[in-house]
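Enquirer: the following comprises the amino acid sequence and a computationally predicted model.
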Amino acid sequence: TSLAVSPFCDLIAAAPKTCPRVLVNRVLAGIDYQQEGDEEIARVFGGFRFNSATQRDVFLPGDCDDTVAVLCRRLGWEMQLQRKYRRGTM
């Protein structure tokens, strides 16, 4: 996964501490070194900590396009997303 190599893995830690971080992917990736769990998952400095008390990080498993479509539908953004697809800006 791209989240295991620089420069992409650096983007995770670049988000301000007050900013929620969402990983939409088929599998876990970009996990923080201190996060417990599967040792097969690539670890990065400042990575995702899905079980932290702050609940800053969210993992949405699945295909990116499908998951974003569901998220937009639930947030009431479905029409805006469809317009962006039609215009080719997505």
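Expert: That came through fine.
Enquirer: and the longest helix for this structure?
Expert: helix 64-75 (DSSP state H).
Enquirer: quick check: next helix or strand after that one?
Expert: Using DSSP states H and E, the helix or strand that follows helix 64-75 towards the C-terminus is helix 78-87.
Enquirer: list the helices and strands the longest helix of the chain packs on?
Expert: Packed against helix 64-75, as judged by 3 or more C-beta pairs under 8 Å, 6 or more residues apart in numbering; DSSP states H and E, are the following elements: strand 21-25, strand 57-61, helix 78-87. Yep, even glycine has a C-beta here, placed from its N, CA and C like the rest.
Enquirer: now for Leu81: which residues touch it?
Expert: Neighbouring residues of Leu81 by C-beta atoms under 8 Å, 6 or more residues apart in numbering: 68-69, 72, 90.
Enquirer: 6 Å - rerun?
Expert: Neighbour list for Leu81: Cys72 [criterion: C-beta atoms under 6 Å, 6 or more residues apart in numbering].
Enquirer: that one and Asp66, how far apart?
Expert: 12 Å (C-beta to C-beta, to the nearest Å).
Enquirer: confidence-wise, which helix or strand of this protein is lowest on average?
Expert: Lowest mean confidence among the helices and strands of the chain (mean pLDDT, DSSP states H and E): strand 43-44, at a mean of 74.
Enquirer: closest to the centroid, which residue in this protein?
Expert: Leu23 (1.4 Å; C-alpha atoms, centre = their mean).
Enquirer: low pLDDT regions in the chain?
Expert: 1, 34-43 (pLDDT under 70).
Enquirer: go again with 90.
Expert: For the chain, applying pLDDT under 90 flags the ranges 1-13, 17, 27-55, 84-85, 88-90.
Enquirer: other residues contacting stretch 16-36?
Expert: Applying C-beta under 6 Å, 6+ apart, the set of residues contacting stretch 16-36 is 1, 3, 12, 15, 41, 43-44, 47-49, 56-60, 64, 67.
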